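# The sequence isn't on hand, but the structure is:
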């Protein structure tokens, strides 16, 4: 508890440091329009929180993030399982994953804008950029699973959806949790950037564009604070989800370990020499 309070205090000091840096830049540049005082920023921040339209904009952006996470989860886990279980698919998909990981986002957005409608750009762009992150974590977690556990399940049954959710995903939960913590923050930034570029109606990206157009820099900083709060709140969802799913997933790992112990006992019983009932005795010397 004390450690958590200490971390919260340090985090608040970091926020104060950001405010101090903004004030210093405002004094150096002598431009109160671009670098308004912290009190002006906080006033705009609370004014936005008191406006019902703000929550409508947040809902639109979060819906884009949520849909993008669903699409990237299905594609990322599927590709990651293929890469983790087969070296052929790992080599085959490596150029595609490298391209998605290294291509500039603005280039990807422009290509998607040409191929599809503007309203679909936030979904597709964020999904494509998040797929390599989730697939890499899935492939790494799949490779770290004890091979003997996988061999036991292969002997008892073939690969199926039940095996995926009761064995593979529970054993890869640690890798997936960290991947989703990063994916949530990255997804919000990507979605808002694409909303800004394609002018998505009733979104945070559009709101930032409007504030930039009218030189309302205090609102730009206020929107930035709202986005930071969204990232902090949503980053806790993967941790809470893993805590909720851990009791449901613990059965798969327990069964796998039981099967492993049973297989080891069977090996040890086979390797023991059998007693035929005959005893060889050395003849006594006269």
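Structure's in. What do you need? What you see is a predicted model, and the numbers here were worked out from it, not measured in a lab.
# Please count neighbours and contacts with C-alpha atoms only from this point.
Will do.
# I'd like the mean pLDDT over stretch 121-129, please.
Averaged across stretch 121-129, pLDDT comes to 91.
# Check the offset of stretch 187-201 from the chain's centre.
How far stretch 187-201 lies from its chain's middle: 19 Å, per CA atoms, centre = their mean, to the nearest Å.
# Can you give the contact residues for stretch 119-129?
Residues outside stretch 119-129 that contact it (CA atoms under 8 Å, 6 or more residues apart in numbering) are 64-65, 67-69, 71-72, 100-101, 105, 108-109, 112-113, 187, 190-192, 194-195, 198, 200.
# Sort out which of those are in helices and list them.
Counting by DSSP state H, the contacts of stretch 119-129 place 64-65, 67-69, 71-72, 100-101, 105, 108-109, 112-113, 187, 190-192, 194-195, 198 in helices.
# Generate a PyMOL selection restricted to the buried subset of these.
In PyMOL syntax, the buried subset of the ones in helices among the contacts of stretch 119-129 is picked out as below (16 or more other CA atoms under 10 Å):
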select buried, resi 64+65+67+68+69+71+72+100+101+105+108+109+112+113+187+190+191+192+194+195+198
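# The nearest residue to residue 41 once chain neighbours are set aside and residue 46: what is the separation?
What sits nearest to residue 41 in space, not counting adjacent residues and going by CA to CA, 6 or more residues apart in numbering, is residue 218, at 5.0 Å. Distance of residue 218 to residue 46, computed by CA to CA, to the nearest Å: 12 Å.
# From the neighbour counts alone, determine which of these two ranks first.
residue 218 (25 against 12; other CA atoms under 10 Å).
# That one: what's it in contact with?
33, 34, 35, 36, 40, 41, 44.
# any idea of the pLDDT on the fourth one?
At residue 36, the predicted lDDT confidence score is 82.
# these two touch, right, it and residue 217?
Yes - taking contacts as CA atoms under 8 Å, residue 36 lies within contact range of residue 217: 7.4 Å.
# Out of the contacts of residue 218, which end up buried?
34, 35, 36, 41, 44.
# now these as TSV including distance to residue 26 and secondary structure?
Conversion of the buried ones among the contacts of residue 218 to TSV gives the following (distance: CA to CA, whole Å; DSSP: H, G, I helix; E, B strand; the rest coil):
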residue	distance to residue 26	secondary structure
34	8	coil
35	5	coil
36	7	coil
41	13	helix
44	17	helix
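# got those as CSV, with distance to residue 60 columns?
Listed next are the buried ones among the contacts of residue 218 as CSV, based on distance: CA to CA, whole Å:
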residue, distance to residue 60
34, 28
35, 29
36, 28
41, 24
44, 21
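# Now the residue nearest to residue 41: which helix or strand?
helix 217-234 (DSSP states H and E).
# for residue 18, same thing?
helix 2-29.
# buried sites along that helix?
22, 23, 26.
# Could I get the average pLDDT for it?
74.
# how far out from the middle of the chain is it?
From the chain centre to the centre of helix 2-29 is a distance of 26 Å (CA atoms, centre = their mean).
# Same question for stretch 176-185.
Distance, centroid of stretch 176-185 to centroid of chain: 2 Å (CA atoms, centre = their mean).
# closest to residue 13 among the buried residues of helix 2-29?
Set against residue 13, the nearest of those by CA to CA is residue 22 (14.4 Å).
# List the contacts of the closest residue to the closest one other than its chain neighbours.
Take residue 22 and drop its neighbours on the chain: the residue closest to it by CA to CA, 6+ apart is residue 35, 6.2 Å away. Residue 35 makes contacts with 22, 23, 25, 26, 217, 218, as judged by CA under 8 Å, 6+ apart.
# No further questions, thank you.
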